[in-house]
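J.: Need the 3D shape of this:
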Amino acid sequence: MPDSLSDWQPSAALAHLRQRAALLQSIRDFFAQRHVLEVDTQILSHCAVSDPFIDSITAQYQSVPGGDIQPLYLQTSPEYAMKRLLAAGSGDIYQLGKVFRNGEVGRRHNPEFTLLEWYRVGFSLGDLMDEVESLVSAQIPGLSWQRVSYRELFLHYLDLDPWTASLEQLQQACRQQIEAAFEDDDRDTWLNLLMSHLIEPQLRGAVFVHSYPPTQAALACVRQDADGLPVAERFELYIDGLELANGYHELADSQEQAARLTADQQQRAALGLPQRPLEQRLIQALQQGLPDCSGVALGVDRLLMRQLGVESIAEVLPFSFERA
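T.: Residues are numbered from 1 along each chain as shown. Modelled structure (predicted):
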């Protein structure tokens, strides 16, 4: 709870808040010029995200004070709801609003933050990267841009092939430079550590990382690359090592999507995490038919951080978590 006489004050300078307002208006103008429909889906939902590494914040709904409690979940992303709209025939859509993630507080994280998410029907992953580059370049001119595969990064920086390296090789590469005194037989645990601790900090300028391992596909399609390797059709955008956006060529196979949700739930159970209701309405929407599309989520607060050249998310929020 606040205990300082200054806690009533905003965490961001007023000049930064004016820049924030200008950024939000610029984003809306960007999509208006491209005839992309703005939508405003629910923040509270009966279902939660399945990702074992993202925790939803739970709210308690009561029809009358003192009545039975019905748990609802603050949404970590509007993705599921927006895909239901796409299946209903909405066409190109975007959303600009608040999302919530439990346990995420720090220099680059706030449990309540502003997310821009959009979906383009008929766009390839390359088309979407082009559009992300156009939007970000309008806000931060003069960036150098490059596109590199996940595998190329590991070969370049670590001399490791993430597709063929053994679990022991990944563990050894981590422990040589990272404090990792634990055991885990999930290869992705070690790949994620190597990526976040050893590779990301070295990325300069604007870098699209694409073609992830298929085990990291999340809600993206999987295809074979030019070398015959299975890769997830997704990308992440970094600006000077700060993750800014995450994009997918969206999975439209309802059976595969159901299998991935179930696998997430099983992993949550294995990790001792709470079991949340799965979004079966997403499966129903995919059964109805999701148009071929690509989508991306972009952190607006982080975009403003890079635009202003500040290092703390508190400097771009009216009231950060500590002052909320």
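J.: Quickly note the distance from the residue nearest in space to the middle of the chain to residue 294.
T.: Within the chain, one residue has its C-alpha closest to the average C-alpha position: by Cα atoms, centre = their mean, that is residue 246, at 5.0 Å. Using Cβ to Cβ, to the nearest Å, one gets 12 Å for the distance from residue 246 to residue 294. C-betas here are computed from N, CA, C, even on glycine.
J.: Need the contact partners of the helix or strand containing the residue nearest to the centre of the chain.
T.: Element membership for residue 246, per DSSP states H and E: strand 242-249. Strand 242-249 is contacted from outside by 108, 124-125, 128-129, 132, 136, 200, 218-221, 233-238, 294-299, 302-303, 305-306, using Cβ atoms under 8 Å, 6 or more residues apart in numbering.
J.: So which of these belong to helices?
T.: Per DSSP state H, helices hold the following members of the contacts of strand 242-249: 125, 128-129, 132, 136, 302-303, 305-306.
J.: what ranges do the strands span in the protein?
T.: For the chain, the strands defined by DSSP state E cover 37-38, 44-45, 57-62, 69-74, 93-100, 112-121, 145-149, 206-212, 222-224, 230-239, 242-249, 293-299.
J.: Throw those strands into CSV and include mean pLDDT, thanks.
T.: Shown next, in CSV, are the strands of the chain (pLDDT from 0 to 100):
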stretch, mean pLDDT
strand 37-38, 98
strand 44-45, 96
strand 57-62, 95
strand 69-74, 96
strand 93-100, 98
strand 112-121, 98
strand 145-149, 98
strand 206-212, 98
strand 222-224, 96
strand 230-239, 98
strand 242-249, 98
strand 293-299, 98
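J.: The strand holding residue 246 vs strand 293-299, what angle?
T.: 160 degrees (axes from the mean of the first three to the mean of the last three Cα atoms, to 10 degrees).
J.: So what are the sheet partners of strand 242-249 and their directions?
T.: Applying DSSP bridges, strand 242-249 is found paired with strand 230-239 (antiparallel), strand 293-299 (antiparallel).
J.: Those strands: which one's closest to residue 115?
T.: Closest to residue 115 of the strands paired with strand 242-249 is strand 293-299 (Cβ to Cβ; 5.6 Å).
J.: C-alpha coordinates for stretch 271-282, PDB please?
T.: Taking Å, rounded to 0.1, in the frame of the first residue of the first chain, the C-alpha atoms of stretch 271-282 are listed here in PDB:
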ATOM      1  CA  LEU A 271       4.500 -27.900 -13.100                       C
ATOM      2  CA  GLY A 272       2.000 -27.800 -10.200                       C
ATOM      3  CA  LEU A 273       0.200 -24.800 -11.700                       C
ATOM      4  CA  PRO A 274      -3.500 -24.000 -11.300                       C
ATOM      5  CA  GLN A 275      -5.800 -25.600 -13.900                       C
ATOM      6  CA  ARG A 276      -7.700 -22.900 -15.800                       C
ATOM      7  CA  PRO A 277     -10.800 -23.400 -18.000                       C
ATOM      8  CA  LEU A 278      -9.600 -23.900 -21.600                       C
ATOM      9  CA  GLU A 279     -11.100 -21.700 -24.300                       C
ATOM     10  CA  GLN A 280     -13.200 -24.300 -26.200                       C
ATOM     11  CA  ARG A 281     -15.000 -21.500 -28.000                       C
ATOM     12  CA  LEU A 282     -11.700 -20.900 -29.900                       C
END
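J.: Fine by me, thanks again.
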